[in-house]
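S.K.: sharing a model prediction with you, sequence too.
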Amino acid sequence: MRPRPSIRVQMKPISPKFVTFEGIDGCGKSTLIDELASWLDRTRVPYVKTREPGGTSLGEKIRGLLLDPAHRGMNRQTEVLLYTASRAQLVAEIILPALKSGAWVLADRYIDATLAYQGYGRELDPDPLRRLQHWATQALVPDKTVLLDCGIDTAAARMSARNHRPDRIEMEERAFHERVKAGYLDLASLDPGRFIVLDAEKPLPEVIADFRAAFREIVPAP
Ligand SMILES: Nc1ncnc2c1ncn2[C@@H]1O[C@H](COP(=O)(O)OP(=O)(O)OP(=O)(O)O)[C@@H](O)[C@H]1O
Ligand SMILES: [Mg+2]
């Protein structure tokens, strides 16, 4: 009798994933984060959601300073440092411990937001910005970044439908937002392995379908 082959069960280790969501205000980031969160719930994968600026007690205070329309005269470098201080605290206090514990992290904005808004939007030299981010985040780079590419008018219409009062950044002129949108696409083209660019102009069910197709190989099966 031939010996029966031993059955080897291949357990693929599931590594936690750090996924960031980027795009101009009103493009649909929160909507897709909720979509991924309920997907992870169904597959019983633990996760933590974060938002920037903020996400920690210290960071939420910095968020208040950054978004307050009373601070319209804020210096560009001050703005970079405040966003980055909030992010440094978030990485140290929430993101790194979560990843270490085996949870996924779903982040509403991260380093790319500073590169897009302050680098492209405020037209600051990107090299020191990148070096500062590397240092402040302890060199933590996302595994995947979802960029929701959406027109300025579409995003503005979605926000006004929500009765949202514009914050200091949202009150910026149109050309600023155009630079940010183009900047995000530029960043995505520089790092195609990390970025997943979705056409967020499409109706929501189609955006969700595109998102699910892109993440099918990344999210573990239930
Ligand atoms: N593809 C879509 N088509 C139509 N409406 C959408 C689409 N995506 C999101 N929305 C709606 O647009 C509004 C803004 O979406 P959401 O809050 O997810 O954007 P956001 O990027 O998180 O905005 P913010 O930057 O202000 O937090 C919501 O009311 C949402 O339901
Ligand atoms: Mg949101």
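M.R.: Thanks, I have it. Residues are numbered from 1 along each chain as shown. Ligands and ions are numbered 1, 2, ... in the order given.
S.K.: for the rest of this, base every contact and every neighbour count on C-alpha atoms.
M.R.: Will do.
S.K.: regarding this protein, what is its longest helix?
M.R.: Of all the elements of type helix in the chain, the one with the most residues (DSSP state H) is helix 174-190.
S.K.: close to ligand 1, is it?
M.R.: No: in terms of CA under 6 Å from any ligand atom, no part of helix 174-190 sits within range of ligand 1; the closest distance is 12.4 Å.
S.K.: CA-only coordinates of the following helix or strand past that helix, as CSV, when you get a sec.
M.R.: Using DSSP states H and E, the helix or strand that follows helix 174-190 towards the C-terminus is strand 195-199. The C-alpha coordinates for strand 195-199 follow below in CSV (Å, rounded to 0.1, in the frame of the first residue of the first chain):
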residue,chain,number,x,y,z
PHE,A,195,-1.2,54.1,-4.6
ILE,A,196,-4.5,52.8,-5.8
VAL,A,197,-6.2,55.7,-7.7
LEU,A,198,-10.0,55.5,-8.0
ASP,A,199,-12.2,57.7,-10.2
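S.K.: so which bits of the protein are right by ligand 1?
M.R.: Taking CA under 6 Å from any ligand atom as the contact definition, the chain meets ligand 1 at 25-31, 158-159, 162, 200-204, 207.
S.K.: filter those residues down to the buried ones, ChimeraX style.
M.R.: Buried residues within the residues of the chain next to ligand 1, as defined by 16 or more other CA atoms under 10 Å, are selected in ChimeraX through the command that follows:
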select :25,26,27,28,29,159,200,201,207
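S.K.: which one of the residues of the chain next to ligand 1 is nearest to residue 57?
M.R.: Nearest to residue 57 among the residues of the chain next to ligand 1, counting by CA to CA, is residue 30 at 20.3 Å.
S.K.: for that closest one, which non-adjacent residue is closest in space?
M.R.: The shortest distance from residue 30 to any non-neighbouring residue, by CA to CA, 6 or more residues apart in numbering, is to residue 108 (7.1 Å).
S.K.: same question, residue 114
M.R.: Among residues not flanking residue 114 along the chain, residue 80 sits closest, at 7.0 Å (CA to CA, 6+ apart).
S.K.: contact partners for residue 117?
M.R.: The contact partners of residue 117, by CA atoms under 8 Å, 6 or more residues apart in numbering, come to residue 180.
S.K.: list phi and psi for it.
M.R.: Main-chain dihedrals, residue 117, degrees, to the nearest 10: phi -80, psi -50.
S.K.: got it, and the one 10 residues further on?
M.R.: Taking degrees, to the nearest 10, you get phi -60, psi -50 for the backbone angles of residue 127.
S.K.: what of residue 122?
M.R.: For residue 122, the backbone dihedrals (degrees, to the nearest 10) come out as phi -90, psi 0.
S.K.: ok, it to residue 113 distance?
M.R.: 12 Å (CA to CA, to the nearest Å).
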